[in-house]
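S.K.: Kindly return the folded structure for what I paste below:
(2 chains)
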Amino acid sequence: DAGVIQSPRHEVTEMGQEVTLRCKPISGHNSLFWYRQTMMRGLELLIYFNNNVPIDDSGMPEDRFSAKMPNASFSTLKIQPSEPRDSAVYFCASSYGTLNEQFFGPGTRLTVL
Amino acid sequence: AQKITQTQPGMFVQEKEAVTLDCTYDTSDQSYGLFWYKQPSSGEMIFLIYQGSYDEQNATEGRYSLNFQKARKSANLVISASQLGDSAMYFCATSGSARQLTFGSGTQLTVLP
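M.R.: All right, here's what the predicted structure looks like:
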């Protein structure tokens, strides 16, 4: 079975450009999570969805960040406009049910110049 | 609110020896889960083991076991018979009613030949 799929794996962009990260969760999972990992802040949750509905977006840094989940098999995280401090590894994870383990995608390494 | 504390930034272990990675947690939830993830240098997050707060038996998965001491709020990971491939960053995490994972700062494990 395929795991969580993320694209692109690497993204290099210039400050001010729009960036869109994509995620396909594991089939049958009903919860999807977006995390960001940096050296300074470690792993932090940005937003999560349950049954395609955003439940908690309190971790989204600011209005430049937005996330959507139009259906059970696809989610996007958009940054517009991007800034150098957004450089990080962005992980998508999915799980089934409450308190169950989350399975992570390979991550997208974003570099904003 | 939930908090995970990993007090060992780095650990060394001789190949074939056992090693314990410490994790303490703080949560106000009555029902919660405890997780360990491995992050090798390649960057992916690999789920290792899960313990539910109501589970009386310590969780085991192959060479991994979770030493769960609820009264002490600790969830230490024990790796038996260490292998060179175990060298990685290890994260402890918890989830509760809010579902999202809260991660510790991680422990970098190095297995020596």
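S.K.: list the contacts for the closest residue in space to residue A:79 that isn't next to it in sequence?
M.R.: What sits nearest to residue A:79 in space, not counting adjacent residues and going by CB to CB, 6 or more residues apart in numbering or on different chains, is residue A:19, at 4.6 Å. (C-beta placed from N, C-alpha, C; glycine too.) Applying CB atoms under 8 Å, 6 or more residues apart in numbering or on different chains, one finds that residue A:19 lies in contact with A:11, A:13, A:78-80, A:82, A:86, A:110, A:112.
S.K.: how about a cut-off of 10 Å?
M.R.: Contacts for residue A:19 (CB atoms under 10 Å, 6 or more residues apart in numbering or on different chains) come out as A:8, A:11-13, A:64-65, A:77-82, A:86, A:90, A:108, A:110, A:112.
S.K.: So what sits opposite the residue of chain A found nearest chain B in the bridge?
M.R.: Of all residues in chain A, residue A:104 sits closest to chain B, at 3.7 Å by CB to the nearest CB. In this entry, residue A:104 is beta-bridged to residue A:93, by DSSP bridges.
S.K.: Give me the buried subset of the contacts of residue A:19.
M.R.: A:11, A:13, A:65, A:77, A:79, A:82, A:86, A:90, A:108, A:110, A:112 (16 or more other CB atoms under 10 Å in any protein chain shown).
S.K.: Show me those residues that map onto strands.
M.R.: Under the assignment DSSP state E, the buried ones among the contacts of residue A:19 contribute A:11, A:13, A:65, A:77, A:79, A:90, A:108, A:110, A:112 to strands.
S.K.: any idea which element the residue nearest to the spatial centre of chain A lies in?
M.R.: Nearest to the mean C-alpha position of chain A, counting by CA atoms, centre = their mean, stands residue A:34 at 3.3 Å. Residue A:34 is part of strand A:31-38 when elements are defined by DSSP states H and E.
S.K.: now what about stretch A:58-68, what contacts it?
M.R.: With CB under 10 Å, 6+ apart as the contact definition, stretch A:58-68 has outside contacts at A:18-21, A:23, A:32-36, A:44-49, A:52, A:54, A:57, A:74-83, A:85-86, A:92, B:98, B:100.
S.K.: Show me which residues of it are buried.
M.R.: Of all the residues in stretch A:58-68, those buried under the rule 16+ other CB under 10 Å are A:59-60, A:65, A:67.
S.K.: okay, how far is it across that stretch, tip to tip?
M.R.: Separation of the first and last residues of stretch A:58-68 by CA to CA, to the nearest Å is 15 Å.
S.K.: try stretch B:68-87
M.R.: Distance between the boundary residues of stretch B:68-87 (CA to CA) amounts to 23 Å.
S.K.: centre of the chain versus it, how much separation?
M.R.: Averaged C-alpha coordinates place stretch B:68-87 at 6 Å from its chain's average position (CA atoms, centre = their mean, to the nearest Å).
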